[in-house]
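# coords please:
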Amino acid sequence: QVQLVESGGGLVTAGGSLRLSCAASGRAFSNYFMGWSRQAPGKERELVAVISPSGDWTYYQETVEGRFTASRDNAKNTMYLQMSSLKPEDTAVYYCARSPHATVTLAGFGSWGQGTQVTVSS
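Below you'll find the model as predicted:
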């Protein structure tokens, strides 16, 4: 059973940047698509970004396109989400998960990690 641990969240002012990390245990990290989702208080979870096993393909939700960048280091079993030009509406708990297939839906992913809180103040 793979374990996914998110980190890097925190409090930042609008316009600032943060880099989230998702560390995966177990084997075969490099075989999986990886995704980031987020859930704000009182709102449904939404898919934010997806990255292919080799990192040569990415998908972004339109509200974060151009501001967020997903990347991965397969040698370290770690995926990243570089977030720039942050807005108060980016405030949420951010989660990571993996999928054996290319997908741009939440249902396409397995279990999500425990999450890391990102708070953007205005």
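# and for Phe33, nearest residue in space, chain neighbours not counted?
Distance criterion Cβ to Cβ, 6 or more residues apart in numbering; nearest residue to Phe33, sequence neighbours excluded, is Ser99 at 4.6 Å. Quick note: C-beta positions are derived from backbone N, CA and C, even for glycine.
# so what's the residue count around that neighbour?
Ser99 is flanked by 17 other residues according to other Cβ atoms under 10 Å.
# from Ala24, how far out is it?
Ser99 sits 13 Å away from Ala24, going by Cβ to Cβ, to the nearest Å.
# and for the two, which residues touch both?
Common contacts of Ser99 and Ala24, defined by Cβ atoms under 8 Å, 6 or more residues apart in numbering, comprise Met34.
# related to what we said a few turns ago, give the contact list for the residue nearest to Phe33.
32-35, 50, 108-110.
# contacting residues for the closest residue in space to Thr13 that isn't next to it in sequence?
Closest residue to Thr13 apart from its sequence neighbours, by Cβ to Cβ, 6+ apart: Ser121 at 5.3 Å. Under the criterion of Cβ under 8 Å, 6+ apart, the contact list for Ser121 reads 11-14, 88.
# check what pLDDT the spatially most central residue of the chain gets.
With distances taken as Cα atoms, centre = their mean, Trp36 lies nearest the centre of the chain, 2.6 Å away. Reported pLDDT at Trp36 in the predicted model: 98.
# in the sheet, who's paired with it?
Beta-bridge pairing for Trp36 (DSSP bridges): Ala49, Cys96.
# now the helix or strand where Arg38 lies - C-alpha only, CSV.
Assigned by DSSP states H and E, Arg38 belongs to strand 33-39. Coordinates of each C-alpha in strand 33-39 appear next as CSV, following Å, rounded to 0.1, in the frame of the first residue of the first chain:
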residue,chain,number,x,y,z
PHE,A,33,0.3,9.6,-13.1
MET,A,34,0.2,11.9,-10.1
GLY,A,35,-2.4,14.5,-9.3
TRP,A,36,-3.0,17.4,-6.9
SER,A,37,-6.5,18.3,-5.7
ARG,A,38,-7.7,20.8,-3.2
GLN,A,39,-10.7,21.4,-1.0
